[in-house]
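Novice: The following block contains a protein sequence and its predicted model.
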Amino acid sequence: MIDRTGLAEFLRRRREALQPEDVGLPRGRRRRTSGLRREEVAALCHMSTDYYARLERQRGPHPSEQMTASIAQGLRLSLDERDHLFRLAGHTPPARGADSEHVGPGLLRILDRLHDTPAEIVTELGETLRQTPLGIALTGDLTLYSGPARSIGYRWFTEPDTRKLYAAEDHAFLTRMFVSGLRGVATLRGPGSRAAHYADLLLTRSAEFRRVWNDHEIGIRPREVKHFVHPELGALELTCQTLLDPAQSHLLLVYTAAPGSESYEKLRSLSVVGARALR
């Protein structure tokens, strides 16, 4: 059963505890609210202001599990807070660990501050959960994929256009890396895991995957330097720095270019390209 009073009070307290700077928003000069405004939280949660406001006033509908997860993410809740929110909303909390898609508040706080840098948060299977605007400008909005196609390793073998974003000379290495990585995760998580399911699907759908899978390579790590081929800017050589959230097995990937390099100048143009694409 939903605890409407407890839910409303918890939402209000968490909203008031958040500051604009915590979620990458400007404070402005005329702010009177002690924390975030309801409309700001609603935007972060991808819902209407009216819907969110009614929840805080104990008059809202019973939020679905999907909506509750969106609220937990928008309010930058910790795992314990997320689980508490689910129980208040009358739902069983989602599983924790590698299969969880709830991004920890620490990683989100960092991502929110990377306004001028391409960055993304991904799962251990290469499923993109969040991107900065420049991250979207670099690779497209990867959060729009659903099902197995959310994994870049899966798309690599099933959607040929995926490879166009990467320099041709790196394709052979990336093929081995994706197969090696999937084998490692499938072995770690065991039969019945999402990784094992992806491997089974690819074994039936890709002759290339089957051939490389049968080599039993393991431990092939991503290279620090990535060679992208942007549809408008052309070749980009970017260094990828990685930050791991061990509790969730989520990775924050941040892409930068060496100052003074051609790629550095192209990266500065990426914001213009991204803004034009959104029009």
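Specialist: Happy to help now that I have it.
Novice: Just give me how far the lengthiest helix in the chain sits from the chain centre.
Specialist: When the chain is parsed with DSSP state H, its longest helix is helix 171-189. Averaging C-alpha positions (Cα atoms, centre = their mean, to the nearest Å) puts helix 171-189 20 Å from its chain's average.
Novice: same check, this time on stretch 99-117
Specialist: Counting by Cα atoms, centre = their mean, stretch 99-117 is centred 8 Å from the centre of its parent chain.
Novice: about what we covered before: what comes up buried for the longest helix of the chain?
Specialist: 174-175, 177-186, 189 (16 or more other Cβ atoms under 10 Å). (Glycine included, C-beta is placed from N, CA and C.)
Novice: my read: Ser206 touches Thr158, true?
Specialist: Yes. Ser206 lies in contact with Thr158 (Cβ atoms under 8 Å); the separation is 6.7 Å.
Novice: thought Ala258 was touching Tyr264?
Specialist: Yes. Ala258 is within contact range of Tyr264, at 6.1 Å (criterion: Cβ under 8 Å).
Novice: These two: who's more crowded?
Specialist: Tyr264 (15 against 12; other Cβ atoms under 10 Å).
Novice: if I pick the closest residue to that one other than its chain neighbours, what's in contact with it?
Specialist: Leaving aside its chain neighbours, Tyr264 sits nearest to Ala257 (4.1 Å; criterion: Cβ to Cβ, 6 or more residues apart in numbering). Applying Cβ atoms under 8 Å, 6 or more residues apart in numbering to Ala257 gives the contacts Leu236, Glu237, Leu238, Thr239, Ser263, Tyr264, Lys266, Leu267.
Novice: What subset of those is buried?
Specialist: Applying 16+ other Cβ under 10 Å to the contacts of Ala257 flags Leu236, Glu237, Leu238, Ser263, Lys266, Leu267 as buried.
Novice: what does the helix or strand hosting the last one rub up against?
Specialist: Just to be clear, that refers to Leu267. Assigned by DSSP states H and E, Leu267 belongs to helix 262-277. Contact partners of helix 262-277, identified using Cβ under 8 Å, 6+ apart, comprise 116, 118, 133-134, 136-138, 230, 232-238, 256-258.
Novice: how close does the closest residue to Asp141 other than its chain neighbours sit to Thr187?
Specialist: Nearest non-adjacent residue to Asp141, counting by Cβ to Cβ, 6+ apart: Gln131, 6.9 Å away. For Gln131, the distance to Thr187 equals 29 Å [Cβ to Cβ, to the nearest Å].
Novice: so what does the one helix or strand Ala53 maps to touch, helix or strand wise?
Specialist: According to DSSP H and E, Ala53 maps onto helix 49-56. Counting contacts by 3 or more Cβ pairs under 8 Å, 6 or more residues apart in numbering; DSSP states H and E, helix 49-56 packs against helix 4-17, helix 38-44.
Novice: Nearest to Tyr154, out of those helices?
Specialist: With Cβ to Cβ as the criterion, Tyr154 lies closest to helix 38-44 of the helices and strands packed on helix 49-56, at 29.1 Å.
Novice: Only alpha carbons, please: show the closest one as PDB.
Specialist: Provided in PDB are the C-alpha atoms of helix 38-44 (Å, rounded to 0.1, in the frame of the first residue of the first chain):
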ATOM      1  CA  ARG A  38       9.000  21.800  -7.900                       C
ATOM      2  CA  GLU A  39       9.200  22.500 -11.600                       C
ATOM      3  CA  GLU A  40      13.000  21.900 -11.500                       C
ATOM      4  CA  VAL A  41      12.600  18.600  -9.800                       C
ATOM      5  CA  ALA A  42       9.800  17.600 -12.200                       C
ATOM      6  CA  ALA A  43      12.100  18.400 -15.100                       C
ATOM      7  CA  LEU A  44      14.800  16.200 -13.600                       C
END
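Novice: Any chance you could list what contacts that helix?
Specialist: Contacts of helix 38-44 (Cβ under 8 Å, 6+ apart): 15, 18, 20, 23, 25, 36, 48-49, 51-53, 56, 73-75.
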